[in-house]
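*Asks:* okay, sequence plus prediction incoming.
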Amino acid sequence: MSAHTPSPAAAETRALLHLAVPIMVAQLAHTATGFVDTVMAGRLGAEALAAVSIGASVMISVFITLSGVAAALNPLVAHHIGAQQPEQVGPTVRQGLWTALACGLLGALVLLAAGRWGVWMIGLEAPVAASAEGYLQGVAMGMPAALLYRALHAYSSAVSQTRPIMVISLLALALNTVLNYLLIYGKFGFPALGGAGCGWATGVAFWFSLICLAGWTRWRASYRRYALWSAWSWPQWPPQRALLKLGVPIALSYFVEVTAFTSVALLIANLGAQVVASHQVVINFTSLLYMIPQSLGVALSVRVGHAVGAGDFARARFNSRIGLRLGAAIALCSSLLVFALRAPIAALYSADANVIAMAASLLGFAAVFQLADALQTIASGALRGYKLTTAPMLIHTLSFWGIGLGLGVWLGLLGHGQLAGWTLPLGAAGFWAALTLSLLVAAVLLLALLRHESRRRLSQG
C-alpha cells in the first residue's frame, strides 16, 4: 500500500465524519435553540426559566418521539442506495412525508392539550403555568412543519447530502434568536410575551426550516435522480406498513429515553423553581453534548445501511466498529471538559447563586455518563442500519424506565434513611444517579446486540 493511500480505517473515519459533521452542526444548532431560549428567558428570573423548562420538556418529548417515525426513512433510503435502486427513493420518501404530516398534526394536538390542561394539573404556580401554556401554543403551531422537515432531513442525509441541513439549521437558529428578542421583551412594537415568546419564535423557525429544505431538495440537481417532487401519490398501506414497522419502535425508543430525562422536571416541580431551573440547566447542556453521538449514530445508520443494502456485511461490521471507536474518543474528551468546567457552564444559564451551585453538582453526573451515552446512541444507529429496531426499543424501555425512572423515583423522592453515605431522598441528584446507571446498562446490552447481529449477518452471507 502506498504511503499516500489512507488505511481502510482512516478512509471510513473520513467518510463517516463527512456525513456526521454537517448533521452534528445542524443538530447542535437545533438544540442551541433551546439553549438560547433558556438563557434569554432565564434573564427574566427563575419563574420564566421554570416555565420554559416545563414547556420545553413537553415539546422535546413529543417532537423527538414522533421524529423517530420519520427516522425510519434513513435505513430505508440507505438500503435503496446500497442496492443501486435510486428509482425507489422518491416513492418511499413521498410515503414518509404523509406519515410525517400525520405525526405533526398529532403532535400539535398533544401540545395544545398539554398547554390547556397538563401544566395546570401538576401544581405549578399560576404565572409559571400561564407562561408554559403560551410556550406550548407557539410550538404547537410549528409542529407539522417540524415533522415534515425531519422526513426531508432523513431523506437528504440518507443520500449523503448533509451540508444543506447544516446551513438551514444555522439560519433557523439565527432567526429564532432574533424572534426571541422581539417576543420575549416586546421590542419594535411586538408584544412582550416573556417565556411564552420562546415557543412562538420556535414555531416560526420550524416553518422556515421546512420551506428552505423543501425548496432545496426540489431544485438542486444533486437530488434530481431520485425524482421526489416529480410525481404525486396518496398514502399506500404496504409502504406505510414498512415505515411504521421500523419507525414505531424507533419512536418508542426515543420516547422512553427522552421522557426518562424530561419527566424529571415534572416529578420535581413541587420542590421549587430553583430546583427545576438547575435541573433544566443540566438537561439543556447535556442535550447539546448528546447531539454529537446522536449525529454519529445517524451517519452510521446511513453507512451501515449502504453496506447492508449492497450485501456487504463485512463492511457493515467494520463501519460499526469505526463509528463506536470515534464516538468513544469524543465522549472521553467531553467528559473531561464537563467535569472541569461545571461551575462556569452553570453560570452561563443563570445569575442565581443557588441555581449555579445545584446545577454544577448535577453536571458531575453528566461528566460520568458521557461514554455510556455515546456508545448506546451510536450502537442504536448502527442497529437501525441493519433495520433492527424492536429489540433496541425493549432494551431502552428496560434501562430508562425500569432503572432510570423507577430507581430514580425511589432515590429522589420516596426513599428514606442512609445509602452509601447519602441521606435519602436525594431530590434531583437521586434521579441523575439512576439515569447514569440506566445509560450504562443500555450501552452494555446494545453493544452485545450489535455484536450478535453483525456476526449473524456475516454467517448468513
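*Replies:* Thanks, I have the structure now. Computed from a predicted model, the values in this text were never measured in an experiment.
*Asks:* tell me which residue is most central in this structure.
*Replies:* residue 64 (5.7 Å; C-alpha atoms, centre = their mean).
*Asks:* tell me how far the one helix or strand that residue maps to is from the chain's mean position?
*Replies:* Using DSSP states H and E, residue 64 maps to helix 46-70. In terms of C-alpha atoms, centre = their mean, to the nearest Å, the centre of helix 46-70 is found 11 Å from the chain centre.
*Asks:* which SSE is immediately downstream of the top helix by length along the chain?
*Replies:* When the chain is parsed with DSSP state H, its longest helix is helix 273-309. Toward the C-terminus, helix 273-309 is succeeded by helix 313-340 as the next helix or strand (DSSP H and E).
*Asks:* could you give the average pLDDT over that next one?
*Replies:* Regarding helix 313-340, the rounded mean pLDDT is 95.
*Asks:* list the buried residues of the helix or strand following it.
*Replies:* Using DSSP H and E, the helix or strand that follows helix 313-340 in sequence is helix 342-349. By neighbour count with 16 or more other C-beta atoms under 10 Å, helix 342-349 contains the buried residues 342, 345-349. To be clear about C-beta, it is placed using only N, CA and C from the backbone, and glycine gets the same treatment.
*Asks:* same question, stretch 171-190
*Replies:* For stretch 171-190, a neighbour-count test (16+ other C-beta under 10 Å) marks 172-173, 175-177, 179-185 as buried.
*Asks:* how far off centre is it?
*Replies:* Put simply, stretch 171-190 sits 24 Å off its chain's centre (C-alpha atoms, centre = their mean).
*Asks:* neighbours of residue 163, just the number please.
*Replies:* 15 (other C-beta atoms under 10 Å).
*Asks:* tell me which helix or strand comes right after the helix holding residue 64.
*Replies:* Toward the C-terminus from helix 46-70 - assigned by DSSP H and E - lies helix 73-82.
*Asks:* show me what that following helix is packed against.
*Replies:* Contacts defined by 3 or more C-beta pairs under 8 Å, 6 or more residues apart in numbering; DSSP states H and E place helix 73-82 against helix 89-113, helix 126-158, helix 237-267, helix 273-309, helix 353-385.
*Asks:* let's go with 6 Å and repeat that
*Replies:* Here helix 73-82 touches helix 89-113, helix 126-158, helix 273-309, going by 3 or more C-beta pairs under 6 Å, 6 or more residues apart in numbering; DSSP states H and E.
*Asks:* same for the very next helix or strand once past the second one, what does it pack against?
*Replies:* Right, the one you point to is helix 126-158. Using DSSP H and E, the helix or strand that directly follows helix 126-158 along the chain is helix 163-185. On a contact count with 3+ C-beta pairs under 6 Å, 6+ apart, helix 163-185 meets helix 8-42, helix 196-219.
*Asks:* would you mind finding the most buried of those?
*Replies:* Counting by mean count of other C-beta atoms under 10 Å, helix 196-219 has the highest mean neighbour count of the helices and strands packed on helix 163-185, with a mean of 22.
*Asks:* that helix to helix 89-113, inter-axis angle?
*Replies:* Interaxial angle of helix 196-219 relative to helix 89-113 (axes from the mean of the first three to the mean of the last three C-alpha atoms, to 10 degrees): 170 degrees.
*Asks:* for helix 196-219, which outside residues touch it?
*Replies:* 37, 41, 52, 131, 134-135, 138-139, 141-142, 145-146, 148-149, 152, 164, 168, 172, 175-176, 179-180, 183-184, 223, 229 (C-beta atoms under 6 Å, 6 or more residues apart in numbering).
*Asks:* so for that helix, what's the average pLDDT?
*Replies:* Mean per-residue pLDDT for helix 196-219: 94.
*Asks:* so residue 195 makes contact with residue 48?
*Replies:* Yes - between residue 195 and residue 48 there is a contact at 4.2 Å, judged by C-beta atoms under 6 Å.
*Asks:* these two: which has the busier surroundings?
*Replies:* Higher neighbour count among residue 195 and residue 48: residue 195, with 31 against 26, using other C-beta under 10 Å.
*Asks:* ok, now which ones touch the more buried one?
*Replies:* Residue 195 neighbours (C-beta under 6 Å, 6+ apart): 41, 48, 51-52, 131, 135.
*Asks:* can you check the pLDDT for the closest residue to residue 285 other than its chain neighbours?
*Replies:* Nearest residue to residue 285, sequence neighbours excluded (C-beta to C-beta, 6 or more residues apart in numbering): residue 345, at 5.8 Å. The model reports residue 345 with a pLDDT of 91.
*Asks:* quick one: residue 345 and residue 384, what's the gap?
*Replies:* From residue 345 across to residue 384, the span is 31 Å (C-beta to C-beta, to the nearest Å).
*Asks:* where does the stretch 51-200 of the chain dip in pLDDT?
*Replies:* The model of the stretch 51-200 of the chain has pLDDT under 70 over residues 118-125.
*Asks:* ok, residue 401 to residue 257 distance?
*Replies:* On the measure of C-beta to C-beta, residue 401 and residue 257 end up 9 Å apart.
*Asks:* equivalent analysis for residue 105, please.
*Replies:* Distance of residue 105 to residue 257, given as C-beta to C-beta: 24 Å.
*Asks:* residue 162 now?
*Replies:* Distance, residue 162 to residue 257, using C-beta to C-beta: 23 Å.
*Asks:* the two: which is more packed in?
*Replies:* Neighbours per residue, other C-beta under 10 Å: of residue 162 and residue 257, the larger number sits with residue 257, 29 against 24.
*Asks:* tell me the confidence at the more buried one?
*Replies:* On pLDDT, residue 257 comes in at 84.
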